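In: What follows is a predicted protein model with its sequence.
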Amino acid sequence: ASSLTRGSTLSFQVLLKSDAPTGDVLLDETLRHIKATEAAETVQTWIELLTGETWNPFKLQYQLRNVRERIAKALVEKGILTTEKQNFLLFDMTTHPVSNATEKQRLVKKLQESVLERWVNDPHRMDRRTLALLVLAHASDVLENVFASLADEKYDVAMNRTKDLLDMDPEVEAAKAGAVEMIWAVLAAFNK
């Protein structure tokens with residue numbers, strides 16, 4: 001668990017509240033890294049270090065290694081993905097197609113309902129996990145896929161509501177009473 005120090009959402013620093021093990025290997029490793037930092041780092045910096053998408057020679061000790069592979073392996077172990085070898089021209093590549101379509105459909109339905117039938121028109125009244133999932137689906141560039149199976153009219157409504165939600169000013173939303181500052185700081189980092 002962690003909290004943020006005040007300021008602009010892009011300058012929010014992550015402070016560790018608890019280093020109690022979560023039972024998830026990657027999350028526990030992340031907590032150890034956050035605990036080990038001498039000066040608190042910003043949300044943006046942690047995203048860069050922990051996604052494995054950037055390389056900072058001055059902070060190598062805080063970077064997670066093989067993030068995508070480790071996440072894929074964990075999802076294979078949970079039965080959500082499977083592992084296959086596919087031949088691409090001269091190379092054999094390991095791929096991880098979905099093996100549990102039911103779990104994927106459950107998440108797709110949850111997101112679709114959150115912006116259609118269960119739309120509350122206020123992100124602060126939304127379920128926090130659902131709001132976080134919408135932000136992460138947006139950051140991963142898969143939101144259109146989530147709504148692709150909807151009829152045209154519902155697709156338009158879902159996309160417009162999601163766009164309105166994601167276009168909100170993270171600075172303003174994070175400052176509101178009861179706001180989940182971390183979600184807004186993550187959105188600000190991805191919208192930067």
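Out: Cool, got the structure.
In: which SSE is the residue nearest the centre of the chain in?
Out: Central residue of the chain (C-alpha atoms, centre = their mean): residue 136, 3.4 Å from the mean position. Assigned by DSSP states H and E, residue 136 belongs to helix 128-139.
In: Would you indicate which residues of that helix are buried?
Out: Buried residues in helix 128-139, counted by 16 or more other C-beta atoms under 10 Å: 130-135, 137-139. (Glycine included, C-beta is placed from N, CA and C.)
In: returning to that earlier point: roughly how far apart are the residue nearest to the centre of the chain and residue 130?
Out: Distance of residue 136 to residue 130, computed by C-beta to C-beta, to the nearest Å: 11 Å.
In: can you pull the contacts of the closest residue to residue 150 other than its chain neighbours?
Out: Excluding the flanking residues, the one nearest residue 150 by C-beta to C-beta, 6 or more residues apart in numbering is residue 158, at 6.0 Å. Applying C-beta atoms under 8 Å, 6 or more residues apart in numbering, we find residue 158 in contact with 112, 115-116, 147, 150.
In: Mind doing that once more with 6 Å?
Out: Residue 158 sits next to 115-116, 147 when contact means C-beta atoms under 6 Å, 6 or more residues apart in numbering.
In: Pull out the buried members of those.
Out: By neighbour count, with 16+ other C-beta under 10 Å, the contacts of residue 158 hold 115, 147 as buried.
In: So which of the contacts of residue 158 are in helices?
Out: 115, 147 (DSSP state H).
In: Considering the buried residues of helix 128-139, which is situated nearest to residue 18?
Out: residue 132 (18.5 Å; C-beta to C-beta).
In: What does the residue of the chain positioned farthest from its centre show for phi and psi?
Out: What lies farthest from the middle of the chain is residue 90; by C-alpha atoms, centre = their mean that is 33.8 Å. Backbone torsions of residue 90, given as degrees, to the nearest 10, read phi -100, psi 0.
In: Could you do the one 10 residues further on as well?
Out: For residue 100, the backbone dihedrals (degrees, to the nearest 10) come out as phi -120, psi 80.
In: Quick check, pLDDT for it.
Out: Residue-level confidence at residue 100 comes out at 86, pLDDT.
In: Next, the residue nearest to it when sequence neighbours are not counted: phi, psi?
Out: Of all residues not flanking residue 100 in the chain, residue 80 sits nearest, at 4.7 Å (C-beta to C-beta, 6+ apart). In terms of degrees, to the nearest 10, the main-chain angles of residue 80 are phi -90, psi -40.
In: since we're on residue 80, how many residues are nearby?
Out: By other C-beta atoms under 10 Å, 18 other residues sit near residue 80.
In: wait, doesn't it sit right on residue 103?
Out: Yes: using C-beta atoms under 6 Å, residue 80 makes contact with residue 103 at a distance of 5.3 Å.
In: Quick one: the helices in this protein, in order.
Out: Using DSSP H, helices in the chain cover 25-36, 43-51, 67-77, 101-115, 128-139, 143-147, 152-166, 170-175, 181-191.
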